[in-house]
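Asks: When you get a sec, could you give me coordinates for this:
(one chain, ligands or ions: 1)
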Amino acid sequence: METGSGRLERVGWAPLLPGAMPGLEEPGPRPTATPCGCVKPALETGNLLTEPIGYLESCFSAKNGTPRQPSICRHSRACLRIRKSIFNNPEHSLMGLEQFSHVWILFVFHQNGHLSCKAKVQPPRLNGAKVGVFSTRSPHRPNAIGLTLAKLEKVEGGAIYLSGIDMIHGTPVLDIKPYIADYDSPQNLIEPLGECNLQNNQYKPKTVSQSDDKTDSCAQQQLSEYDEPQPCSHTEEKPSCPKGRTSEENDMQCSDTAKMQQSLPKRREIAADLGLESRSHRRLSMAEEQTGPHHLEKSSSEEGTDKRPRRGKEAVAPQGNSVEVQPLALHCPPKMAGAAHRSVVPAWVREAPVATLEVRFTPHAEMELEHLGSEDVGRASFKYFQSAAEARLAIEAVLSADPRSAYRRKLCQDRLFYFTLDTAHVTCWFGDGFAEVLRIKPASEPIQMTDPVESLVSLGS
Ligand SMILES: C[S@@+](CC[C@H](N)C(=O)[O-])C[C@H]1O[C@@H](n2cnc3c(N)ncnc32)[C@H](O)[C@@H]1O
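Replies: Model prediction:
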């Protein structure tokens, strides 16, 4: 498998599962070798040979500082041109897409650096606690495929323009699909899902240790927050004792949620049970009852993209090497059959221990930003942002979500943090509950806007 080119060809065969259902076994080792010895990709076994439909032009040049999810920075922008090698007339493939407000983008995490992935990962939001990779959006997965819901700004010829993205420049894109709330949002399901008290969410609290993570580093590498940094030699700071959330806190949260759900009008439950809820009513229900998955309308999306819960300094931030994970789900009360229409997420997804940061700019940084945004200085202004004010909003959004890895947050607090956004190279530092932008310089190597494919081709794709 080579992700550098966006190709996800997996050669070889999956092992047979012992005791698998007859007729449903995983495919056995049927050789499909050609005379030359190559193994042919075989669609029926899931060995898909992918061909990127295009390479993203993005305001984020590197993983560092790129938002963890698209909703974090609605001013982020990107463009995707469908390659002529995919369709002779790329614009034909986009016909009708302009009528949608949002699109799913399927892409390859081509800058993962390595193909290996671990069964348990440490999402930055959990500040060091581990959960199974499939319960996260970690880029490091068995197949390095990402999924982003982006706002579709416009379709122009064979290109689409997006905002609210979390992919870096040059990302190989595999597919575009329209976001259709009726299909993609559980609130719109007509069939009840049955028991909403999902057993899978009822796993027990477990104490995990980070002591096996010996490869961390403070170095300013191009890391996504899930990446494992290299050893950090210049800090003497020792991790403090574990301090996770207590089960009481989680229980309280669950009972609060249950109370909230129980207080909803009964009429609505019945209508939901019967699949008779009106569309507008469903929207209202969701706004009241759910803060998780997006429900998006073209008219309201401008205001609705940044839905992160705002938390202050009082948010619990477990410190130290060992963190107790108590990922209780927000369970529906058993009698609420209507709740089967809603989605359920574990409490730790919404109530992560990482606080939203206040973002400050030094007067000097503000001046540099204005200077960078001004077009009369005879050099590159922004390529994606429309003004210095918009660039500032984007920088604030990136930093307030605390883009550092859990490791950096704990052990490299005193280190400067750098990232590049559009043509701005940002230097900042983090203090207790805030991030301060110290400098904003023109990026030394502005992001190439012309044909990112060629540069990738020269890298061997
Ligand atoms: C946590 S992932 C989530 C991506 C997507 N929304 C998903 O859920 O699959 C987002 C992070 O992936 C990293 N990233 C973005 N584009 C990448 C690429 N092409 N290769 C490797 N990492 C990438 C950035 O560090 C970004 O913060």
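
Asks: number of nearby residues for residue 403?
Replies: 26 (other CB atoms under 10 Å). Any C-beta I mention is one placed from the backbone N, CA and C, and that applies to glycine too.

Asks: Please name the nearest non-neighbouring residue to it.
Replies: Using CB to CB, 6 or more residues apart in numbering and skipping the chain neighbours, the partner closest in space to residue 403 is residue 65 (5.2 Å).

Asks: mind checking which helix or strand the one you found is in?
Replies: Counting by DSSP states H and E, no helix or strand carries residue 65.

Asks: Contacts only, for it.
Replies: If a contact means CB atoms under 8 Å, 6 or more residues apart in numbering, then residue 65 has 398, 403, 417-421, 426 as its contacts.

Asks: how about TSV for these, with pLDDT and secondary structure added?
Replies: Compiled in TSV, the contacts of residue 65 are given as follows (pLDDT from 0 to 100; DSSP: H, G, I helix; E, B strand; the rest coil):
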residue	pLDDT	secondary structure
398	95	helix
403	92	coil
417	95	strand
418	94	strand
419	95	strand
420	95	strand
421	94	strand
426	96	strand
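
Asks: For the closest residue to residue 120 other than its chain neighbours, give its distance to the ligand.
Replies: The shortest distance from residue 120 to any non-neighbouring residue, by CB to CB, 6+ apart, is to residue 130 (4.3 Å). Using CB to the nearest ligand atom, to the nearest Å, residue 130 is found at 16 Å from the ligand.

Asks: ok, now residue 348?
Replies: Noted for residue 348: a distance of 16 Å to the ligand, by CB to the nearest ligand atom.

Asks: can you tell me how far that residue sits from residue 410?
Replies: 18 Å (CB to CB, to the nearest Å).

Asks: got it, and residue 95?
Replies: Taken as CB to CB, the span from residue 95 to residue 410 is 50 Å.

Asks: These two - which one has more neighbours?
Replies: residue 410 (22 against 10).

Asks: Show the backbone phi and psi for that one.
Replies: Per-residue torsions, residue 410: phi -90, psi -40 (degrees, to the nearest 10).

Asks: close enough to count as contact, it and residue 353?
Replies: No: counting by CB atoms under 8 Å, residue 410 does not reach residue 353; the two are 11.8 Å apart.

Asks: intersection of neighbour lists for the two?
Replies: residue 127.

Asks: Alpha carbons of stretch 58-68, as CSV, please.
Replies: Taking Å, rounded to 0.1, in the frame of the first residue of the first chain, the C-alpha atoms of stretch 58-68 are listed here in CSV:
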residue,chain,number,x,y,z
SER,A,58,-5.8,24.1,0.6
CYS,A,59,-5.0,27.1,2.9
PHE,A,60,-3.3,24.7,5.3
SER,A,61,0.2,23.9,4.0
ALA,A,62,1.1,21.4,6.7
LYS,A,63,-0.4,19.2,9.4
ASN,A,64,0.7,21.4,12.2
GLY,A,65,-2.1,23.8,13.0
THR,A,66,-4.6,22.2,10.6
PRO,A,67,-7.9,21.9,12.5
ARG,A,68,-8.9,18.5,13.8
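
Asks: Buried ones in that stretch, by neighbour count?
Replies: 58-68 (16 or more other CB atoms under 10 Å).

Asks: Are it and the ligand in contact anywhere?
Replies: Yes: using CB under 6 Å from any ligand atom, stretch 58-68 comes into contact with the ligand via 63, 66-68.

Asks: now do stretch 174-193
Replies: No: legend: contact between stretch 174-193 and the ligand by CB under 6 Å from any ligand atom is lacking; minimum distance shown is 11.5 Å.

Asks: How about stretch 392-411?
Replies: No: taking CB under 6 Å from any ligand atom as the criterion, stretch 392-411 and the ligand are apart, separated by no less than 7.3 Å.

Asks: got the end-to-end distance for that stretch?
Replies: Terminal residues of stretch 392-411 are spaced 28 Å apart (CA to CA, to the nearest Å).

Asks: This protein against the ligand: which residues are in contact?
Replies: Near the ligand, when you scan the chain using CB under 6 Å from any ligand atom, you find 63, 66-70, 109-112, 137, 139, 146-148, 166-168, 171, 224.

Asks: and those residues, which of them are in strands?
Replies: Mapping the residues of the chain next to the ligand onto strands (DSSP state E) picks out 146-148.

Asks: Which one (most neighbours) among those residues?
Replies: Compared across those, residue 148 has the highest neighbour count, 22 neighbours, by other CB under 10 Å.

Asks: Does that one touch residue 105 like I think?
Replies: Yes: when contacts are counted by CB under 8 Å, residue 148 is listed as touching residue 105 (4.7 Å).

Asks: Any chance you could list residues touching both of these two?
Replies: By CB under 8 Å, 6+ apart, the residues touching both residue 148 and residue 105 are 165, 167.

Asks: just for this structure, where's the confidence low?
Replies: Across the chain, the ranges flagged by pLDDT under 70 are 1-41, 188-343, 352, 375-380, 445-461.

Asks: and it, what are its domains?
Replies: Annotated domains of the chain cover 54-184, 352-442 [the TED database].

Asks: Which one of these lies nearest to residue 47?
Replies: With CB to CB as the measure, domain 54-184 is the member of the domains of the chain nearest residue 47 (10.9 Å).

Asks: and the closest one, how far apart are its ends?
Replies: Span of domain 54-184 from end to end, CA to CA: 24 Å.

Asks: Same check on stretch 354-369?
Replies: One end of stretch 354-369 sits 28 Å from the other (CA to CA).

Asks: Buried residues in that stretch, which are they?
Replies: If you call a residue buried by 16+ other CB under 10 Å, then stretch 354-369 has these buried ones: 354-357, 359-361, 365, 368-369.

Asks: Out of those, list just those in strands.
Replies: Counting by DSSP E, the part of the buried residues of stretch 354-369 found in strands is 359-361.

Asks: nearest to the ligand, of the residues you listed?
Replies: residue 359 (17.5 Å; CB to the nearest ligand atom).

Asks: Just list whatever residues bridge to that closest one.
Replies: On the basis of DSSP bridges, residue 359 is bridged to residue 435.

Asks: For it, give me its contacts.
Replies: Here residue 359 is in contact with 395-396, 399-400, 434-437 (CB under 8 Å, 6+ apart).

Asks: rerun at 7 Å
Replies: Neighbouring residues of residue 359 by CB atoms under 7 Å, 6 or more residues apart in numbering: 396, 399-400, 435.

Asks: Filter the residues you listed down to just the ones in strands.
Replies: The members of the contacts of residue 359 that map onto strands under DSSP E are residue 435.

Asks: Neighbour-wise, which one of the contacts of residue 359 leads?
Replies: residue 399 (27 neighbours).

Asks: Grab the nearest non-local neighbour of that one.
Replies: Using CB to CB, 6+ apart, the closest residue to residue 399 is residue 435 (4.1 Å).

Asks: thinking the one you found is in contact with residue 426, fair?
Replies: No: Residue 435 is beyond contact range of residue 426, at 10.0 Å (criterion: CB atoms under 7 Å).
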